[in-house]
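>>> dropping the sequence and predicted coords here.
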Amino acid sequence: MPCPALLADRFNTLRYDRERGAVILLDRRRYPFATEFVECHTVEEVARAIEDMVVQGGPPLAYAAGLGLALAAFRGEDLAAAAQRLLATRPTADDLHHLIPQALKAGTDAEAILSFVNGEIERGNEVARRCGSFAADLLKDGHRILTHCIAGAALAQMLWIAKEQGKSLHLFPTETRPYLQGARLTAATARELGIPCTLITDGMPAFVMSRGLVDMFICAADRITLDGHITNKVGTYQIAIAAQYHHLPFYVLGYDGPDPHTRTGSDIPIEERNPDEVFHAMGIDAQGNAARIRTAVPGIGGYYPAFDITPPELITAIVTDRGVFKPSEIADHFFYG
């Protein structure tokens with residue numbers, strides 16, 4: 001039986017609608033409290049949706065940008081300019097910076113670009129399934145798993161495949177401020193799959209480890225370097241340090257492996273978002289409407305690097321669609337082996 005989680009199949013969350021002439025994106029800022037879609041009728045609207053976190057996660061935002069490029073082609077617009085705008089949206093995740101140049105190579109024909117992007121979505125779904133399958137094999141019955149942010153389709157596949165294998169699991173997601181991807185997206189995925197889930201705040205991982213409440217730490221990666229560094233949602237690095245101190249394994253869901261153009265951690269550009277975002281929290285009000293609530297006093301400064309970089313020495317293994325590898329060996333398996 002296919003994984004029933006909404007986020008397991010990217011076609012559930014984004015597509016090009018020919019009748020509307022629009023890119024349709026699940027609004028992940030509101031999901032799961034509301035399953036609403038944003039219609040983007042121009043490249044600029046797609047770019048702003050990516051920048052404003054309507055779409056989140058490395059592969060999904062790349063697919064959204066690819067559909068935006070197809071939209072530009074259907075509208076007869078300058079594809080080079082469209083590509084430049086879409087590439088400027090998020091600098092850290094490498095999927096975006098791979099897909100757009102490849103989509104341009106498909107030519108100027110709108111149908112060819114759309115066919116390429118849809119093919120990449122299909123391929124990405126299969127990559128997530130294989131990655132999740134390898135990760136599920138690492139899990140034992142009764143394992144309690146700490147997560148940070150949302151590891152996307154591969155996490156959903158891992159949980160579902162492990163459940164199908166008869167393994168009982170328990171998820172401990174961090175809330176992941178300020179967009180609360182853990183509290184909303186990861187927790188919703190666990191609930192959809194019938195996996196017990198206990199939410200913790202971002203400051204709790206080390207304490208939870210010290211009390212023996214979790215058995216491992218698992219997250220995704222927005223970029224993997226050739227020498228085994230990973231970048232993921234800010235906060236990953238400190239959790240990895242705590243995991244090593246408490247002798248807990250740390251596995252990275254690495255999907256289709258390292259970026260061939262990024263040698264080491266210092267080569268990764270880290271996106272710094274508007275500091276105003278750390279002054280607020282997102283949730284729902286008493287009427288069930290999405291609400292953005294200020295949580296900080298006025299007149300202070302803020303700082304929001306969206307990602308941090310974890311060195312390979314803190315990572316037990318990187319799980320990919322080709323298997324499970326030590327960080328120091330991953331480039332050999334993908335490019336040099």
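That came through, no problem.

>>> hang on, isn't Thr189 packed against Leu7?
Yes - at 5.8 Å, Thr189 and Leu7 qualify as touching, with contact defined as CB atoms under 8 Å. No exception for glycine: its C-beta is placed from N, CA and C like everyone else's.

>>> what touches both of these two?
Here Thr189 and Leu7 have Ile150, Ala156 as joint contacts, going by CB atoms under 8 Å, 6 or more residues apart in numbering.

>>> and the strands in the stretch 51-200 of the chain?
144-147, 170-173 (DSSP state E, counting those that start in this stretch).

>>> what does the first one contact?
So that's strand 144-147. Taking CB under 8 Å, 6+ apart as the rule, strand 144-147 contacts 139, 155, 169-174, 182, 186, 205, 208-209, 213-219, 239, 243.

>>> and these, which are buried?
139, 155, 169-174, 182, 186, 205, 208-209, 214-219, 239, 243 (16 or more other CB atoms under 10 Å).

>>> neighbours of the nearest residue to Asp9 once chain neighbours are set aside, how many?
In space, Asp9 comes closest to Asn125 once its chain neighbours are excluded; the distance is 5.9 Å by CB to CB, 6 or more residues apart in numbering. Close neighbours of Asn125, defined as other CB atoms under 10 Å, add up to 19.

>>> now Cys40
27.

>>> ok, now Ala80?
10.

>>> OK, contacts around it?
Ala80 sits in contact with Leu104, where contact means CB under 8 Å, 6+ apart.

>>> and the pLDDT at it?
Looking at Ala80, its pLDDT stands at 97.

>>> now Pro91: how far from Pro269?
As judged by CB to CB, to the nearest Å, Pro91 and Pro269 stand 4 Å apart.

>>> and for Asp321?
25 Å.

>>> which of the two has more neighbours?
Each of Asp321 and Pro269 has its neighbours counted (other CB under 10 Å); Asp321 has more, 20 against 13.

>>> and for the more buried one, nearest residue in space, chain neighbours not counted?
Arg130 (4.0 Å).

>>> that neighbour reaches Gly323, doesn't it?
No - with contacts counted by CB under 8 Å, Arg130 stays clear of Gly323, the gap being 9.1 Å.

>>> compare the two and say which is more crowded by neighbours.
Between Arg130 and Gly323, Arg130 has the larger neighbour count (other CB under 10 Å), namely 19 against 14.

>>> any idea how far that one lies from Asp256?
9 Å.

>>> likewise for Thr35?
28 Å.

>>> and the nearest residue to Val117 once chain neighbours are set aside, what does it touch?
Excluding its sequence neighbours, the residue lying closest to Val117 (CB to CB, 6+ apart) is Gly66, at 3.7 Å. With contact taken as CB under 8 Å, 6+ apart, Gly66 is in contact with Leu99, Ile100, Ala103, Ile113, Phe116, Val117, Glu120.

>>> give me the more crowded residue out of Thr35 and Asp256.
Set Thr35 next to Asp256 and count neighbours by other CB under 10 Å: Asp256 wins out with 19 against 12.
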